[in-house]
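Q: here is a sequence together with a model predicted from it:
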There are 2 protein chains.
Amino acid sequence: MVRLLEGIILSSLSDFIEKYLKQMLREAAEGMIMIQRRELAEMFECAPSQINYVLDTRFTPDRGYLVETRRGGGGYIRIVRLSFRPGRDFLSVLDETIGDEITARRAEGLLVRLEEESIVTLDEYVFIKTVLDRETRKFPDHYRDRVRASLLKAMLALLVRE
Amino acid sequence: MVRLLEGIILSSLSDFIEKYLKQMLREAAEGMIMIQRRELAEMFECAPSQINYVLDTRFTPDRGYLVETRRGGGGYIRIVRLSFRPGRDFLSVLDETIGDEITARRAEGLLVRLEEESIVTLDEYVFIKTVLDRETRKFPDHYRDRVRASLLKAMLALLVRE
DNA sequence: CAATAGTCTGACCAACTTTGACCTTTCGCG
DNA sequence: CGCGAAAGGTCAAAGTTGGTCAGACTATTG
């Protein structure tokens, strides 16, 4: 970070690129932009790999962005801003509750509570339990809690959406 | 890729040919078109083998297309669009298609097809891709295809249910 | 001011596209 | 039937992107 004159602050190059891309996203009608890595690198006079750094650190799924790329002729980088954004809402509470791992017992308890509170229907409760059981069994013991957490979060996110 | 005017991006030649053929397919009543390779190559001013490349990469069975050809005088290329859901056991077809493991590439192809056939919405497509991306990366390479398969089946089952 | 975390670059890698030389199949004609 | 013309097929090389990663450099923090 560099200070110039009175309080004018120049952030890092990555910050500039991030701001530029987010501005483009705001102006894009479909919540999506397509760029070329080489072109963007030329615009900011930096190494192309710098663009990857910005994408890796600032446009992650956790922050609500999906990045798709293609190499070769006609290659591109597409950044999609999710209409479903992670925030301080019910879902992020669920995410924190579940964490990266969850035992079958804790998952069961959570589901019971969600059903009692009518956040999921009885049908959905049964369905989710069945899927967790069936899919989880395919993995070795020490991965089961992690797979269970991923599955549970994915399914609840779909159900609780919007 | 060529940039023209204000941010309009022209994709590769293969993309053009793909779009052209898909437009023809949409306009064809029987979900099927017949073309001549040489003729199409002349229309796009490219090598005839370029047409094969497009067919091999974009009109695969995974993406829901069947391609039949015939050489010699009166030769042709026929592209048939396969429809996904005829039977009521659609979900088990999906389960079989996905199997116990699925690569990111095949998952992408399948999701594109499901979106094109209006079985999932564009929003759901983006959502599923993001979840797959985010959750899958928490596991070592060796498990990713298996985790991806479990997640994909779980989410599609929830969406397609009812 | 030392330790830690964040940024940036360049050399090397992987994926996708396009072309062209050469091959195989089919049809029509003698 | 044999042959040549008229399709389409295959494959490898060259071209055009974006990806990765270790290490140098910079900023922040205790």
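A: Cool, the structure landed. Numbering: from 1, shown residues only, chains lettered A, B, ... in the order given.
Q: only C-alpha atoms, please: export stretch A:53-69 in CSV.
A: The C-alpha trace of stretch A:53-69 is given here as CSV (Å, rounded to 0.1, in the frame of the first residue of the first chain):
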residue,chain,number,x,y,z
TYR,A,53,-4.2,-14.9,-8.3
VAL,A,54,-7.0,-12.4,-8.2
LEU,A,55,-9.5,-15.0,-9.2
ASP,A,56,-8.3,-17.5,-6.7
THR,A,57,-8.3,-15.1,-3.8
ARG,A,58,-11.3,-12.9,-4.6
PHE,A,59,-13.7,-14.7,-6.8
THR,A,60,-14.1,-17.9,-4.9
PRO,A,61,-17.4,-19.9,-4.5
ASP,A,62,-17.4,-19.0,-0.9
ARG,A,63,-17.6,-15.4,-1.8
GLY,A,64,-20.4,-16.1,-4.2
TYR,A,65,-18.7,-16.4,-7.6
LEU,A,66,-18.5,-19.1,-10.1
VAL,A,67,-15.5,-19.0,-12.5
GLU,A,68,-15.4,-21.0,-15.7
THR,A,69,-12.6,-21.0,-18.1
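Q: quick one: it near DNA strand C?
A: Yes - applying CB under 7 Å from any atom of the strand, one finds stretch A:53-69 touching DNA strand C at A:53, A:57. To be clear about C-beta, it is placed using only N, CA and C from the backbone, and glycine gets the same treatment.
Q: from the chain's centroid, how far away is the strand or helix carrying A:Asp56?
A: Using DSSP states H and E, A:Asp56 maps to helix A:48-58. Helix A:48-58 has its C-alpha centroid displaced from the chain centroid by 16 Å (CA atoms, centre = their mean, to the nearest Å).
Q: could you chop chain A up by domain?
A: Segmentation of chain A into domains, based on automatic domain parsing, reads A:2-81, A:90-160.
Q: before we move on, back to that, now do the buried residues in the helix or strand following the helix holding A:Asp56.
A: Per DSSP H and E, the first helix or strand lying C-terminal to helix A:48-58 is strand A:65-70. Going by neighbour count (16 or more other CB atoms under 10 Å in any protein chain shown), the buried part of strand A:65-70 is A:65-67.
Q: helix, strand, or coil at A:Met34?
A: strand (DSSP: H, G, I helix; E, B strand; the rest coil).
Q: burial measure for it, as a count.
A: 17 (other CB atoms under 10 Å in any protein chain shown).
Q: which residues of chain A fall in strands?
A: A:2-4, A:8-10, A:32-35, A:65-70, A:76-81 (DSSP state E).
Q: looking at those strands, which is nearest to DNA strand D?
A: Among the strands of chain A, the nearest to DNA strand D by CB to the nearest atom of the strand is strand A:65-70 (3.5 Å).
Q: so what strands line up beside the closest one?
A: strand A:76-81 (antiparallel) (DSSP bridges).
Q: kindly export the partner strand (C-alpha atoms) in CSV.
A: This file holds the C-alpha atoms of strand A:76-81, laid out as CSV (Å, rounded to 0.1, in the frame of the first residue of the first chain):
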residue,chain,number,x,y,z
TYR,A,76,-12.1,-17.1,-22.1
ILE,A,77,-12.7,-16.6,-18.4
ARG,A,78,-16.3,-16.3,-17.4
ILE,A,79,-17.2,-14.9,-14.0
VAL,A,80,-20.7,-15.4,-12.7
ARG,A,81,-22.1,-13.7,-9.6
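Q: what about it, average pLDDT?
A: Per-residue pLDDT values over strand A:76-81 give a mean of 97.
Q: that one to helix A:48-58, inter-axis angle?
A: Taking axes from the mean of the first three to the mean of the last three CA atoms, to 10 degrees, one finds that strand A:76-81 is oriented at 20 degrees with respect to helix A:48-58.
Q: in strand A:76-81, what counts as buried?
A: Neighbour-count burial for strand A:76-81, counted by 16+ other CB under 10 Å, picks out A:76-77, A:79-81.
Q: can you tell me if it touches DNA strand C.
A: No - shown here: strand A:76-81 not in contact with DNA strand C (CB under 7 Å from any atom of the strand), separated by at least 10.0 Å.
Q: pick the one among the buried residues of strand A:65-70 closest to DNA strand C.
A: A:Val67 (14.5 Å).
Q: list the contacts of the residue lying closest to A:Leu122 once chain neighbours are set aside.
A: Nearest residue to A:Leu122, sequence neighbours excluded (CB to CB, 6 or more residues apart in numbering or on different chains): A:Glu115, at 6.2 Å. By CB atoms under 8 Å, 6 or more residues apart in numbering or on different chains, the residues touching A:Glu115 are A:121-122, A:124-125.
Q: pull out the buried positions in stretch A:45-58.
A: Using 16+ other CB under 10 Å as the test for burial, stretch A:45-58 gives A:46, A:50-51, A:54-55, A:58.
Q: and it, average pLDDT?
A: Average pLDDT, stretch A:45-58: 98.
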